[in-house]
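Student: Pasting the sequence and the predicted model now:
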Amino acid sequence: MKIDIDYIARVEGEGSVKLEIAGGKLKSLKLNIWEPPRFFEGFMAGRKFDEAPDIVARICGICPVAHMVTSIRAIEKAIGFVPSDEIVRIRRIMSLSQIMASHVVHLYVLALPDYHRLGMITGLDAEIRRLLRMKEVLNGVTAAFGGRALHPVAMVVGGFTKLPARDTVGKLISGLEGIRGDAQDTLKMIAGFDTPLLEPETEHVALSGDASSGVIISDCGLRTDEDAYGNAFEESELSYSNAKRTVVKGRGSLMVGALSRLNLNLDTLHPTARAAAREHGFAPPVKNPFMNNTAQAIEIIHCIEECITLLDALTGKEHFVRPALREGTGSAVTEAPRGLLYHHYELNRKGVVEKADIVTPTAHNVLSLEEALHKLARENLDLPRDELVLQCEMLVRAYDPCFSCSVH
Amino acid sequence: MHPLKPAKAVLKNIRQETADVKTYTVQVDGAFSRELSPGQFNMVGYPGVGEAPISFSSLWEDGCIGHTVRSVGAVTAFIDKLAEGDELLLRGPYGKGWPMDIAKGRDLLLVAGGLGLAPLRPVIREVLQSRDSFGTVSLLCGARNEKNLLFTDEYEAWRKKISLFLTVDEAVTGEPWGHSVGLITGLLDRVKPDTAGTCAFVVGPEIMMRFVCRGLMLRGMQPADIFVSLERRMKCGVAQCGHCQHAGFFVCRDGPVFPYAQVTGLMDGML
Amino acid sequence: MYGNGMTGAPASRISDFLVPKASFFRWLDSLRESFSVVGPVAEEDRTVFREIASADELHMEYASTMLSPGKVYLYSPREDLFRISFGKDLTIEEPPRSPVQRIIAGIHACDTHAVFYLDRTFLGAFRDPLYENRRSNTMLIALNCSAASRNCFCSSMGAGPFLKAEKGYDMLLTDLEDAYLVEIRTERCRVLFNADATQSADAEVFRRKEEKERSALRTFTKTINTDGLDRALRENPEHPVWGRTADERCLSCANCVMVCPTCFCHDVVDELSMDMKTVRRYREWDACQDARFAEVHGGNFRARRTARLRQFVTHKLDQTHQYGVFGTVGCGRCITWCPTGIDLTEMAKAIQTRKA
Amino acid sequence: MTRPRLGFFKFSCCAGCEFQTFYFQKHPAETLAAFEIVFAKMVLRGGAPEGPFDLALVEGTITEAWQADELKKIRKSSALLFAIGACAVNGGIPALKALAPELEVEGKVYKNLSPIHSIRPHPVDAYIQVDGYIRGCPPGERDLHEALTSVLAQKKPGFLRCAVCVECKLKGNICILTAYGMPCMGPVTNAGCDALCPTCKRPCYSCFGLMKQANAPALAKKFRSLGLSESDIRRKFTLFDADAALFSKADKLNED
Ligand SMILES: Cc1cc2nc3c(=O)[nH]c(=O)nc-3n(C[C@H](O)[C@H](O)[C@H](O)COP(=O)(O)OP(=O)(O)OC[C@H]3O[C@@H](n4cnc5c(N)ncnc54)[C@H](O)[C@@H]3O)c2cc1C
Ligand code: SF4
Ligand code: SF4
Ligand code: SF4
């Protein structure tokens, strides 16, 4: 028997899963990411350094900020620009608002309908209202500093070209305070769903607690700096998928994202987030990838608090310095909503990109996702076909993969 | 009263004239002006869609006014989809119409190209009603082909009191066509205007008006005796939005009917 | 040539005062209780007109602003006309008229003339109630200019640097170093005026005003010869300067029109609500430089960039039969804010001297 | 009233337009209520890709041959089809690939090019006739709203076609090009973003693409006078509109 899931709906981008079952055994399973390549790394060569963040934003419509922040960090390292504390703070606010907004879309629009066996979210009115309340506030934060929430413009190499007025910042804070309850309700909702039992073996990788450290750690003892990314990870091309896949050198698959972050850094979270985790029985190590959704919901609770603290700390000063040109090379790793994101640039003395390299969270996750799918299918071959298909899709969606990103 | 505030009107009757032209008989509420003159126009529209200037193709008749509209764009295509009994919005009347007082007592030559017949229809009606106030009245009427002729069922009545000459660019139906084929300028020789006593009203595409007016001048008419009706984009109808400005004239307020002498040779115009 | 303003009855008696600046600004500050006071304020390195929170914010010795206060505060960039609701019945509501009483302080002579020009459009044969409401709720405190900016040519247009019109505004200020000569033009302003330490202005004060005007006039570097100007432009619609400027420099960006204090054109837009229940009908500034502006079914009267550029320039320098005055007040904004610096006075000169 | 049947189709792009339509814009709930979502991968599992549709929104650049075939099918099954977003309207960022030799660009990304079957990137109207263009990356709120409400009201949409400068002046922004010499693309860029970048004090980078009446060479000349190199200028004009720059006479820009 062959099962072809031609496209997986409610994820970002195009991917399919093909299973071959013979004699009650899973013969093969392939996750094919057929999202067409756009060749970002190819056409970035020849573009100016200050265009890079605007270009890479278009890798992904759901996490443009993550790409921008990462590329800006890498480029600033390349040209020797050191951002002020204020700039670092605002970039973190941007990242947090994006992580939350992305999680909210993922939890409500992409994942939630499965639990209600629905094709899409329409009909779940209370949930839609909660989603829209949260979206309004979170997009508002991104837009206040970025100009717009999707593909922001005010965040550039050198800082932020314009800051919102003081009273706008006040409104953002009260907005965030206003959705604390919604965040708790979101976690309650997600943690309340039954998820299939699945415990695949993989290495959980994330940045160490301080998000701006650039230090990558794992539950298998990995510890490396973003500059040495290439020594620790290895990327390879596949014949059946446009996305490349990345492994931990000498070991194998890895998982990045909310679940890994919480497994590694739960103790650095805000107390309310830790309490919420405890309350819902989230105790590392959590190996079930379906629990990624719960981890995301816990993260939202944390991010709201961190965001409020940072907004409170804004000074409104030193938000932009025109950067000077310099030849150089820079790498950066940040936590995108879906996990580790790596950007690397080589600039010539005119500030033109000579080489660009981008490894996205989904590229990091592809192998562990495929392995997990394998395990899920193997252990559930007795399920009715439709249910098996749905569970496979749910697992893919739990990873919150971004196929557009992974191919780019 | 806000000059831009539209009044509600109800479509009492819709008549398909040609494939893309319909005549709408419209009942307007009581406040609408009784003083309408041929050649004036309304801003006709629908909320959410916008407004467009549309000439009167009939003035007050049985408590209704008439508009004849070709579906070409946002507003007109929307109107095209309405049905009898539907509401629409309009405001007016706007602009200077045909100078009927100048025409009275003289020979009158009416030249209409295509939809240009619509704004001349009230003139024809007035002539028919007070036939004695005018001298010889001729109507030259051109269309792309037979299928594009407007108001065909009224021709017989018109012919009883005025001379009607028809021409089409090309005959397409294959039915016998007992009239001219060719540009409307070709009809000018059929009427031989009495150069001193004739007054001409010309309306149609600007390029057609150009050649008709030149033809009339070549046949001895004076520019001051020729009147044309111009079409420009309009958003307000009250000389404020500026869209219809034509070398300093507001077509909505100073026109749409102008003495040819006033608008010939202006930049960005074809006359 | 100008001066058919419409506001307020003329002051019943000559009311000209010499007022120490401090005292004048104290008076202006006191008006903030019942008026929204708008004036020139320095923001970063530019001056803009906005509502002030204190007279200390005023920066009265400003060069021309990007947008004129009249165009922004009397004829607003975007403004709701009606709210139409579908329901059982169509209802058409006018938004409530703004009750705001406003003072525009420090409006230059050219911009005051530009207001008179807008009056001709919005208070002509058809009166626009929104404009009319704001015009009569707004007091204009005009200010004579003591120096021209690089692109000013108001002296050639009779619109500045000193304001000669006697009516159509409420008060005229002339900067006499530490004091203003305050000339009150309307009764409503006379009633309101109670600055302390005022003296009535004597002949000596007016002599100083004249001196100021002479010195202001000496600062002009840009001029235009208005003699036969309108005819010259009208008769040379195919002069090469049109096509050349349009091809090589004109961006069709419409900045000239948008900053022009006399440009009155606007679009009327219907915005449907997503639930299809209501329509917001509003107007917003539109520009003849936009290719869509003169488009009709089957053609576009100004499809060429040349024709659009020529429309703007001739509307300012030629089409005098429209309102009996030139369409420009000589503020020079279209020159200053054209990204490629197209200068209508230079184009006019090229045509007047028949130079290709 | 029956709700118009909506299909949303993604080709090579970031999917931002679909997110903008269903999530980021101001009225997502009303949009979901007003339309019957028949096909939209990003929000709906299942659905009917074959239609029929009252409205198809197509995002993304066409970069593979199967997409062109798919596109023609969608055209056939849709009463109205709008291109949405810079990718679909102008080619957008993915069209940057066309500025350099193909194999060179592809070779920078993949060592083994044999499984890659990209064609030259083009906007959707290179293959089919389009009923409307919702510009911008992501699409502007005003045009998107106009497009959706026009379909609901069954009228022809009126999209913005003037320069970003017009919106910039409506907001009263001091012009950063003229006042500060920043190389702003506003004068040649189609409006619709409410002059977002200049309002944020950064030069417009033309994510809405060139407006129809743009005078690109004249602005290029201005940029030259500000000291930009020929390659800088070329980069500015090609960022979102490489397709226009390559195939229309608007491009008289040199490389240095
Ligand atoms: C005084 C006067 C009287 C008139 N009387 C009549 C009359 O009696 N009957 C009648 O049928 N007409 C009459 N007209 C013409 C009529 O006003 C126009 O045809 C009408 O305004 C079109 O409006 P619309 O909204 O339907 O079209 P619009 O949507 O405004 O389109 C009109 C034309 O503009 C172009 N256009 C507009 N928007 C776009 C776009 N986004 N992209 C590309 N092209 C575009 C198209 O070429 C289109 O054909 C009169 C005009 C005037 C000035
Ligand atoms: S146009 Fe922009 S927002 Fe839309 S899909 Fe393309 S890259 Fe994304
Ligand atoms: S800042 Fe840019 S968009 Fe704004 S007016 Fe200037 S050139 Fe135009
Ligand atoms: S200003 Fe330009 S780059 Fe910025 S959002 Fe608007 S069109 Fe895009």
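Tutor: Looks like it came in fine. Ligands and ions are numbered 1, 2, ... in the order given.
Student: drop to CA atoms for contacts and neighbour counts, all remaining ones
Tutor: Will do.
Student: So the residue in the stretch 1-150 of chain C positioned nearest to chain B: helix, strand or coil?
Tutor: Sorted by distance to chain B under CA to the nearest CA, the residues of the stretch 1-150 of chain C start with C:T121, at 5.7 Å. Taken by DSSP: H, G, I helix; E, B strand; the rest coil, the conformation at C:T121 corresponds to helix.
Student: residue contacts, it?
Tutor: B:239-240, C:264 (CA atoms under 8 Å, 6 or more residues apart in numbering or on different chains).
Student: Hmm, B:N13 is touching B:L82, no?
Tutor: No - in this structure, B:N13 is not within contact of B:L82 by CA atoms under 8 Å, at 10.7 Å.
Student: okay, now the nearest residue in space to A:F403 that is not next to it in sequence: neighbour count?
Tutor: Spatial nearest neighbour of A:F403, excluding adjacent residues (CA to CA, 6 or more residues apart in numbering or on different chains): A:G13 at 4.5 Å. Burial of A:G13 is recorded as 29 neighbouring residues (other CA atoms under 10 Å in any protein chain shown).
Student: Which elements pack onto the helix or strand harbouring A:H364?
Tutor: Counting by DSSP states H and E, the element that carries A:H364 is helix A:361-379. The contact analysis (3 or more CA pairs under 8 Å, 6 or more residues apart in numbering or on different chains; DSSP states H and E) places helix A:361-379 against strand A:25-32, strand A:245-248, strand A:254-255, strand A:339-347, helix A:385-399, helix A:403-407.
Student: Let's see that with 7 Å instead.
Tutor: Secondary-structure packing of helix A:361-379 (3 or more CA pairs under 7 Å, 6 or more residues apart in numbering or on different chains; DSSP states H and E): strand A:25-32, strand A:245-248, strand A:254-255, strand A:339-347, helix A:403-407.
Student: Mind listing what's buried along it?
Tutor: Within helix A:361-379, the residues that qualify as buried are A:361-378, counting by 16 or more other CA atoms under 10 Å in any protein chain shown.
Student: hey, least reliable of the helices and strands packed on helix A:361-379 by pLDDT?
Tutor: Comparing mean pLDDT across those, the weakest is helix A:403-407, with a mean of 83.
Student: Who are the packing partners of it?
Tutor: Helix A:403-407 sits against helix A:361-379, with contacts defined as 3+ CA pairs under 7 Å, 6+ apart.
Student: how big is the angle separating the helix it packs on from helix A:385-399?
Tutor: Calculated by axes from the mean of the first three to the mean of the last three CA atoms, to 10 degrees, helix A:361-379 forms an angle of 150 degrees with helix A:385-399.
Student: just the helices in the stretch 51-200 of chain A please.
Tutor: Taking DSSP state H, counting those that start in this stretch, the helices of the stretch 51-200 of chain A run over residues A:52-57, A:64-79, A:85-104, A:112-115, A:125-146, A:166-178, A:180-191.
Student: right, I mislabeled it, should have said the stretch 101-250 of chain D
Tutor: Under DSSP H, counting those that start in this stretch, the stretch 101-250 of chain D gives helices at D:102-107, D:141-153, D:164-170, D:176-180, D:196-199, D:216-225, D:230-238, D:242-247.
Student: out of the ones you listed, nearest to D:A29?
Tutor: helix D:141-153 (13.0 Å; CA to CA).
Student: can I get the CA coordinates of that closest one in PDB?
Tutor: Taking C-alpha atoms only, helix D:141-153 is exported to PDB below (Å, rounded to 0.1, in the frame of the first residue of the first chain):
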ATOM      1  CA  GLU D 141      -3.900  47.400   3.200                       C
ATOM      2  CA  ARG D 142      -5.800  49.800   1.000                       C
ATOM      3  CA  ASP D 143      -5.500  47.900  -2.200                       C
ATOM      4  CA  LEU D 144      -6.100  44.500  -0.600                       C
ATOM      5  CA  HIS D 145      -9.300  45.900   1.100                       C
ATOM      6  CA  GLU D 146     -10.400  47.400  -2.200                       C
ATOM      7  CA  ALA D 147      -9.800  44.200  -4.000                       C
ATOM      8  CA  LEU D 148     -11.800  42.100  -1.500                       C
ATOM      9  CA  THR D 149     -14.700  44.500  -1.100                       C
ATOM     10  CA  SER D 150     -14.900  45.100  -4.800                       C
ATOM     11  CA  VAL D 151     -15.400  41.400  -5.400                       C
ATOM     12  CA  LEU D 152     -18.100  41.400  -2.600                       C
ATOM     13  CA  ALA D 153     -19.800  44.400  -4.200                       C
END
